[in-house]
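Undergrad: Just to be clear, the model below is a prediction. Sequence and coordinates:
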Amino acid sequence: MHPVLFRILGKEIYSYGAMAALGLLAAILTWQWLDRREDRPPGFAADLGFWLMVSGIVGSRVTYVMANWSYYRSAPLEIIRIDQGGLIFYGGLILGATALALWARHHRLPLWHAADFAIPGLAIGHALGRIGCFLNGCCYGRPAGEAWCGIAYPPACEPGRLFPGVPLFPVQLIESACLLAIWTALLVAYRRRHKDGAVFALYLVLYPPCRFLLEYLRGDERLSWFAIDAAQGISLALLAIGIALFVFLPRRKFTPPLR
């Protein structure tokens, strides 16, 4: 694992922050690719990326701090150290969805069209962010036993201290691979969509089941509700919303002007 990628003038550059920045760049490039035949204002994709990045990071961090308040209560200055990890994706997704609704209204775009446009970029950004989790040593898996894919962490990171020399499931890389496949499916679906909201609904049908199953392989501490953890409960709710969108969204499609 490489929590610190390199140093510049004595300043440590963390792999988690670097992969998050790379994920944002990949998201913006994805939106520019989707936008290449449509007549959008200059800076349209970068503007979307800025607001989703800010809202996503704030929502993810606030959720993580709330879930680990017993630690941050005694170390408040650590709250802003997002470069070292500590984000909960679903918190960012919820606040990001709110920011997207305001952004769509500002640009006078139908909400579901904006959601279809935004969601492929989110998928690729999330995929690269999970690689950052792997390099940072967070969001690790449980002991893999005899499974061929197990990876033992060095003692310098948390999973290495908790499970010295024990191979763990690389859930971060598995989730990243799932998100790359979902990203590809969303790009294809965006060009073939027949109604606004269909691509966003497809994401809600594809990603939450993957996350639900991968939670069983997680080895870090999880907030649980009865027989499932919090992330699994949210996954089930989002899957239900995705199915409902497929069924009830009107067959209406907004087409931006072509160049």
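TA: That came in fine, so what should we check first?
Undergrad: Going by C-alpha atoms from here, please, whenever you check contacts or count neighbours.
TA: OK.
Undergrad: Can you check which helix is longest in the protein?
TA: helix 111-136 (DSSP state H).
Undergrad: Determine the set of other helices and strands touching it.
TA: Contacts defined by 3 or more C-alpha pairs under 8 Å, 6 or more residues apart in numbering; DSSP states H and E place helix 111-136 against helix 15-34, helix 89-106, helix 171-192, helix 198-214.
Undergrad: For the second one, name the packing helices and strands.
TA: What it means is helix 89-106. Counting by 3+ C-alpha pairs under 8 Å, 6+ apart, helix 89-106 packs on helix 44-67, helix 111-136.
Undergrad: strands paired with the helix or strand bottoming out on mean pLDDT in the chain, and their directions?
TA: One helix or strand of the chain scores below all others by mean pLDDT, DSSP states H and E: strand 224-225, with a mean of 74. Using DSSP bridges, strand 224-225 pairs in its sheet with strand 228-229 (antiparallel).
Undergrad: Can you name the element that comes right after the strand it pairs with?
TA: Going down the chain from strand 228-229, the next helix or strand is helix 230-248, by DSSP states H and E.
Undergrad: Now do that following helix and helix 89-106, the angle between them.
TA: Note on geometry: by axes from the mean of the first three to the mean of the last three C-alpha atoms, to 10 degrees, helix 230-248 and helix 89-106 are set 40 degrees apart in direction.
Undergrad: Could you export helix 230-248 as CSV, CA atoms only?
TA: The C-alpha coordinates for helix 230-248 follow below in CSV (Å, rounded to 0.1, in the frame of the first residue of the first chain):
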residue,chain,number,x,y,z
ALA,A,230,-26.3,1.0,7.1
ALA,A,231,-24.9,0.9,3.6
GLN,A,232,-26.9,-2.2,2.7
GLY,A,233,-30.1,-0.6,4.0
ILE,A,234,-29.5,2.5,1.8
SER,A,235,-28.6,0.2,-1.1
LEU,A,236,-32.0,-1.5,-0.9
ALA,A,237,-33.8,1.8,-0.7
LEU,A,238,-31.9,3.1,-3.8
LEU,A,239,-32.6,-0.1,-5.7
ALA,A,240,-36.3,0.3,-5.0
ILE,A,241,-36.2,3.9,-6.2
GLY,A,242,-34.4,2.9,-9.4
ILE,A,243,-37.0,0.2,-10.2
ALA,A,244,-39.8,2.7,-9.5
LEU,A,245,-38.2,5.3,-11.8
PHE,A,246,-38.1,2.8,-14.7
VAL,A,247,-41.8,2.0,-14.2
PHE,A,248,-43.2,5.5,-13.5
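Undergrad: quick one: residue 7 and residue 13 touch, right?
TA: Yes: Residue 7 lies in contact with residue 13 (C-alpha atoms under 8 Å); the separation is 5.8 Å.
Undergrad: the more surrounded of these two?
TA: Between residue 7 and residue 13, counting by other C-alpha atoms under 10 Å, residue 13 is the more crowded of the two (16 against 10).
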